[in-house]
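Engineer: sharing a sequence plus its predicted fold:
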Amino acid sequence: MESRKPRRGRGLWKPRVGEEYTVKIIEISRRGDGVARVRGLIVFVPGTSPGEEVKVRITKVGRRHAVGEVVRE
């Protein structure tokens, strides 16, 4: 019998809590949060609207998404 190679994860890049990024909100989620992407990862940003470009700080990182808050300067 032929041995199989072990499956690897999807290899998604993940941000760290506290990192900041400038993002463009592309749509609204079912819960009403703005949705952006950072290097392919979905980031939910409460209190934003599509078309806004905002600076966000990552507050939570999940398996396939992150949550950020708007940074006011």
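Structural biologist: That came in fine, so what should we check first?
Engineer: distance between the ends of stretch 26-39?
Structural biologist: 14 Å (C-alpha to C-alpha, to the nearest Å).
Engineer: buried ones in it?
Structural biologist: Asp33, Gly34, Val35, Ala36, Val38 (16 or more other C-beta atoms under 10 Å). In short, each C-beta sits where N, CA and C put it, glycine included.
Engineer: quick one: residues in contact with it.
Structural biologist: 13, 15, 21, 23-25, 42-50, 52, 54, 56, 66, 68 (C-beta atoms under 8 Å, 6 or more residues apart in numbering).
Engineer: what is the subsequent helix or strand relative to the strand or helix carrying Val23?
Structural biologist: Using DSSP states H and E, Val23 falls within strand 20-24. Next helix or strand after strand 20-24 toward the C-terminus (DSSP H and E): strand 27-28.
Engineer: any idea where the strands of this structure begin and end?
Structural biologist: 20-24, 27-28, 34-38, 41-45, 53-61, 65-70 (DSSP state E).
Engineer: partners of the fourth one, with directions?
Structural biologist: Using DSSP bridges, strand 41-45 pairs in its sheet with strand 34-38 (antiparallel), strand 65-70 (parallel).
Engineer: so how far is it off the chain centroid?
Structural biologist: 3 Å (C-alpha atoms, centre = their mean, to the nearest Å).
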